[in-house]
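Undergrad: I need the structure of the sequence given here:
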Amino acid sequence: MPETQIQHQYEAFAPFYELIFQDWDGMIAEQAKTIDAIVKRSWGGERSLLDLSCGLGTQALGLAQLGYEVTGIDITAGMVKRANSEGQKRGLPTRFLHGDMRNLRQYGLGRFRTIISCENSLPHLAGAEELRGVVRSVYDGLLPGGGCIFSLRDFARRSTPSSEVRVYGIVEHAGKRMIVFQARDFHAEHCEVTWYFVEHAGHGQTETKLLNWREYPLTARDLANTLTNAGFRDVQVGNDLFEVMVTGRKPEDD
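TA: Below you'll find the model as predicted:
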């Protein structure tokens, strides 16, 4: 997806992104607990962590609450602004920066024990070449013995062409009732994603906010192979979160 489209769509998403979760605070705590367990059993060590696609901070905020030293970047300025606000409201020493995971080296962030990117962010890349570039940057950005955690919706689990609809529920937003759902249309070369936020406008009327983009058809197997080819060891695919998790560890001697 072109960069301008990514930024435009997610800037529009930023004011109400958390509405996709029925209990955002609960999800923050649950995901942090899951990621923390993976880190502890897979590589442990000091608690510096970089979130490559922090969004509002759904993973980063909870990890900071568990004692991680968290830095996050995101390509969407509106998401970064809200993540910083959420960190301040919670009294957390988080640092969220406007940046692009494809250009990680230019920010001079140093190296981390753990690097993560969750909630199906990698399929926003343009394809395999960009993925290899991001994975190489992640490898270089890790301390020896550290590791990475990615989560995604495994494209291999979908037949093409096919479609699915997922209802996220009924929520309250700005004093109004809103129904949130997502349609995903799977094709051989991409997945078309459309979010619907349907708000009751009164007098029998509704107002719909619609967001739409295309995703790269990334599979967990392809991601695992990319990690292995980049030099990661102990590459594993699991289902710890609501998405498929792919993890890898950088050798201690590198």
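Undergrad: Show me where the protein dips below the pLDDT cut-off.
TA: Residue ranges of the chain with pLDDT under 70: 1-4.
Undergrad: Got the domain ranges for it?
TA: Using automatic domain parsing, the domain parsing of the chain gives 3-155+217-249, 157-215.
Undergrad: In TSV: the ones you listed, plus mean neighbour count.
TA: Heads up, the C-betas are built off the backbone N, CA and C, glycines and all. TSV is the format used below for the domains of the chain (neighbours: other C-beta atoms under 10 Å):
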stretch	mean neighbour count
domain 3-155+217-249	19
domain 157-215	14
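Undergrad: For the stretch 151-254 of the chain, which segments count as strands?
TA: Along the stretch 151-254 of the chain, counting by DSSP state E, counting those that start in this stretch, strands occupy 162-173, 176-186, 191-202, 205-215, 233-238, 244-249.
Undergrad: residues contacting residue 22?
TA: Counting by C-beta atoms under 8 Å, 6 or more residues apart in numbering, residue 22 makes contact with 168, 169, 171.
Undergrad: So the last one sits against residue 19, correct?
TA: I take that to be residue 171. Yes - look at residue 171 against residue 19 with C-beta atoms under 8 Å: they come within range, at 4.9 Å.
Undergrad: Please identify every residue contacting each of these two.
TA: The overlap between the contact sets of residue 171 and residue 19 (C-beta under 8 Å, 6+ apart) consists of 178, 180.
Undergrad: quick one: secondary structure of residue 54?
TA: Following DSSP: H, G, I helix; E, B strand; the rest coil, we place residue 54 in the coil state.
Undergrad: Leaving out sequence neighbours, find the closest residue to it.
TA: Nearest non-adjacent residue to residue 54, counting by C-beta to C-beta, 6 or more residues apart in numbering: residue 72, 3.0 Å away.
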